[in-house]
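In: Using only what follows, build the 3D model:
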Amino acid sequence: MQLFVVPAFQIEHLAAVLFILVVVSLASFFKKSLNNSGILAANCVGLAIFLLAGLSSFLAIVGFFVIAEFCTVLSRKKLKKEHEQRTISNILANSAAAIIAIAFGSSIGFFAAVAAAL
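Out: Below you'll find the predicted structure:
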């Protein structure tokens, strides 16, 4: 088992990833779902996952964020509580296991960590 095997990627995929990161960052900023350090951490995590595991893993982590944010907003509305901003500690706590799994080359571990974070 090799650590840190970076898959080859197409430049179009990198452009798409950067575009998605910008769109999600702007949405998070204006909806106040992440604070500034959380946005920076989320971008670093997203880019690292793309570089280490490819586009499908990146899309999975973006999907995780969208689903988690949607569920949080719905539950806060139901409880009539204000949604708190996610911070760098929240981002790292929810993504650390997934990044470690990817670093060890375990795509199954990555998807299990993402599922467990939900």
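In: Now do the phi/psi pair for the residue of the chain most remote from its centre.
Out: Going by CA atoms, centre = their mean, the residue of the chain most distant from its centre is Lys80, 26.6 Å out. Dihedral pair for Lys80: phi 60, psi 40, per degrees, to the nearest 10.
In: tell me the pLDDT at it?
Out: We have a pLDDT of 81 for Lys80.
In: ok, now how distant is it from Phe70?
Out: Separation of Lys80 from Phe70 (CB to CB, to the nearest Å): 18 Å. No exception for glycine: its C-beta is placed from N, CA and C like everyone else's.
In: do Ala15 as well
Out: With CB to CB as the criterion, Ala15 and Phe70 are 26 Å apart.
In: next one: Lys78
Out: Counting by CB to CB, the gap from Lys78 to Phe70 is 13 Å.
In: how close does Ala115 sit to Ser95?
Out: According to CB to CB, Ala115 and Ser95 sit 13 Å apart.
In: average pLDDT for stretch 51-71?
Out: 91.
In: any low-confidence regions in this protein?
Out: 1-9 (pLDDT under 70).
In: count of neighbours near Leu79?
Out: 8 (other CB atoms under 10 Å).
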